[in-house]
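Trainee: I'd like to go over a predicted model; first the sequence, then the structure.
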Amino acid sequence: IPPEYGEEQTRGFFLRNGGFYLGLNDYFDLTVLGGYYTRGSWDASLASNYKLRYKFSGRLGYAYSYIASGQENTPERSIHSNYRITWTHTQDRAWNPNSTFNANVTFGSSSYNRFNARNAQDFLSNQIMSSVAYSRTFPGKPFNLSVTLNHSQNSRDSMVDLRIPTVAFNVQRIYPFKRKNGVGAQRWYERIGITYNTALQNSVRVKEKDLFTPTMQKHLRNGMQHRANASTSFTLLKYINLAPSVSYNENWYIQTHRYHWDALQKKPVLDTVDGFARTWYYGTSLALSTKLYGMYAFLPQSPIKAIRHVVTPSISISYHPDFSDPKYGMYGTVQRNEAGEVMRYSYFANTVYGGAPAGESGMLSFSLGNNWEMKLRGKPKSPQDTAKLVDKKIPLLESLTLSSGYNFLADSMGWSPLAVAAHTNFLSFLNLSGSATFSPYSADDNGRAR
């Protein structure tokens, strides 16, 4: 591969991107490139494409550059070195239909693009991201598993966000009380369905210089979440759907937080406590819903046959206790100022999945869904056409939903905002959607507190 030549203001004259291409075998190759600059800079890179037909393919690359800018023996002289690792991998769907593995990785020094960009887009880009994802389903089983690794890096402030890894295991709805050989009508308890989800996450946000150091370990946040839900549904008075449910959540951590009052600093100070700890909470709800249909029929000579309006009202009530109560042991108190005022805080604040909610809640939620549809009469292609005419349905407004709620157990301002959302497909080629939120309370002079 012959090199390219030119001149840079920072590094001087150069010969770069010259080297060799090696077709090593039928499955992978290797490209070796290098460059030299007259002011002492140099760079080198390795790249390999690989492919196993009908199974997977990808590309792996590594680049390193040594940058010496400015004249030698002058105050403007500076030395930098940076690197970049890239990896793309794609799995053929036909190879293993029950699992997938894909990768798109770009990782390296935040200053790499500043010195090595070959176009304006790369030079101006200040964010690089990576993802590696594996997923698997289990044929004949209600399970699925996913593992992801994510990376985000900002070249402006050299901050790096890592999630290494995030694991999720889900159990789809199962009916544990259902008879294998049911005879007669289905019994009420056979309709009880249970779902279970668990997730594990490790995340850290540090400066690039602190990667893989004790500082990174200090900022590591991790946790494991478990969520279980049991629900069923009944038909009440032939037209009303009744759906009770119970949910349970539990989070596991190896670090929690405690505050203590520091008399010298005259403020509460946060301490990190190592050791296994769990937070848990539960709730229950009962939902009712139905559908109401309205129809307006036009005269036989009208091209419009009818307009139908479907209204879907639903109402639900949910409850969970106050988990900040001392009997649950998940909240603490600490002096907040010199006046002796006390604040309550969660031991699990600022954790990956958070802690149990504070405050007792008895929420009544309601929503009203609407749908309008028009039916046009079928037209014959010609007066001699005796084929059966087919009416055409046209959506006027596919959905218009209003929803809100009221917390009976709140100390004040129990109303939730009124949410309005609408969607329709206009003339079958343009999707239109809109939403708005209305607060039932006024704001202060700064437009913040209700």
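Mentor: That came through fine.
Trainee: tell me which residues of stretch 284-299 are tucked away?
Mentor: Buried residues in stretch 284-299, counted by 16 or more other CB atoms under 10 Å: Ser285, Ala287, Ser289, Thr290. C-beta coordinates here come from the backbone N, C-alpha and C atoms, glycine included.
Trainee: So what touches it?
Mentor: By CB atoms under 8 Å, 6 or more residues apart in numbering, the residues outside stretch 284-299 that reach it are 236, 239-247, 304-320.
Trainee: go again using 7 Å as the cut-off
Mentor: Stretch 284-299 has contacts (CB atoms under 7 Å, 6 or more residues apart in numbering) with 239-246, 304-319.
Trainee: Kindly report the same for stretch 157-167.
Mentor: Outside stretch 157-167, the residues that reach it (CB under 7 Å, 6+ apart) are 110, 147-153, 199-208, 211.
Trainee: and stretch 307-324, what's its mean pLDDT?
Mentor: Computed over stretch 307-324, the mean pLDDT rounds to 96.
Trainee: Just give me how far it sits from the chain centre.
Mentor: How far stretch 307-324 lies from its chain's middle: 25 Å, per CA atoms, centre = their mean, to the nearest Å.
Trainee: Mind checking which of the contacts of stretch 284-299 are in strands?
Mentor: The members of the contacts of stretch 284-299 that map onto strands under DSSP state E are 240-246, 304-319.
Trainee: returning to what we had before: from the contacts of stretch 284-299, keep the buried residues only.
Mentor: By 16+ other CB under 10 Å, those give Ser245, Lys305, Ile307, Arg308, Ser314, Ser316, Ile317, Ser318 as buried.
Trainee: Flag the shaky bits of the stretch 101-250 of the chain, pLDDT-wise.
Mentor: Along the stretch 101-250 of the chain, segments meeting pLDDT under 70 are nowhere present.
Trainee: can you tell me the distance between the two ends of stretch 434-450?
Mentor: With CA to CA, to the nearest Å as the measure, stretch 434-450 spans 25 Å from end to end.
Trainee: How far off centre is it?
Mentor: Per CA atoms, centre = their mean, the centroid offset for stretch 434-450 relative to its chain is 27 Å.
Trainee: And the strands in the stretch 251-400 of the chain?
Mentor: Along the stretch 251-400 of the chain, the segments classed as strands by DSSP state E, counting those that start in this stretch run 267-289, 292-297, 304-320, 331-335, 342-346, 361-376, 392-407.
Trainee: The second one to strand 361-376, inter-axis angle?
Mentor: Compare the direction of strand 292-297 with that of strand 361-376 by axes from the mean of the first three to the mean of the last three CA atoms, to 10 degrees and you get 20 degrees.
Trainee: tell me, how many neighbours does Tyr175 end up with?
Mentor: 13 (other CB atoms under 10 Å).
Trainee: I meant to write Lys55 there.
Mentor: Using other CB under 10 Å: Lys55 sits among 11 other residues.
Trainee: What are the buried residues along stretch 125-138?
Mentor: Residues Ile128, Ser130, Val132, Ala133, Tyr134, Thr137 are the ones in stretch 125-138 that count as buried (16+ other CB under 10 Å).
Trainee: Please enumerate residues in contact with it?
Mentor: Contacts of stretch 125-138 (CB under 7 Å, 6+ apart): 98-107, 113, 144-156.
Trainee: and what of stretch 20-33?
Mentor: Residues contacting stretch 20-33 (CB under 7 Å, 6+ apart): 1, 17-19, 44-52.
Trainee: Pop out the phi and psi values for Ala358.
Mentor: Note on Ala358: backbone dihedrals following degrees, to the nearest 10 are phi -90, psi 150.
Trainee: That one contacts Asp325, correct?
Mentor: No: Ala358 is beyond contact range of Asp325, at 9.1 Å (criterion: CB atoms under 7 Å).
Trainee: Now the spatially closest residue to Asn116 that is not a sequence neighbour: which helix or strand?
Mentor: Of all residues not flanking Asn116 in the chain, Ser65 sits nearest, at 5.7 Å (CB to CB, 6 or more residues apart in numbering). If you go by DSSP states H and E, Ser65 is part of strand 56-69.
Trainee: Sheet partners, orientation included, of that strand?
Mentor: Strand 56-69 pairs in its sheet with strand 42-52 (antiparallel), strand 78-91 (antiparallel), by DSSP bridges.
Trainee: can you put the ones you listed in a markdown table and add distance to Thr232 and mean pLDDT?
Mentor: Shown next, in a markdown table, are those (distance: least, CB to CB, whole Å; pLDDT from 0 to 100):
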| stretch | distance to Thr232 | mean pLDDT |
| --- | --- | --- |
| strand 42-52 | 48 | 96 |
| strand 78-91 | 39 | 92 |
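Trainee: Format the ones you listed as CSV; extra columns: distance to Thr424.
Mentor: Listed next are the strands paired with strand 56-69 as CSV, based on distance: least, CB to CB, whole Å:
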stretch, distance to Thr424
strand 42-52, 46
strand 78-91, 37
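Trainee: would you turn those into CSV with mean neighbour count?
Mentor: Formatted as CSV, the strands paired with strand 56-69 follow (neighbours: other CB atoms under 10 Å):
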stretch, mean neighbour count
strand 42-52, 17
strand 78-91, 15
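Trainee: Tell me which residues touch Asn154, please.
Mentor: Taking CB under 7 Å, 6+ apart as the criterion, Asn154 is in contact with Asn126, Gln127.
Trainee: at 8 Å instead, please
Mentor: If you count contacts by CB under 8 Å, 6+ apart, then Asn154 has Ser110, Asn126, Gln127, Val160 around it.
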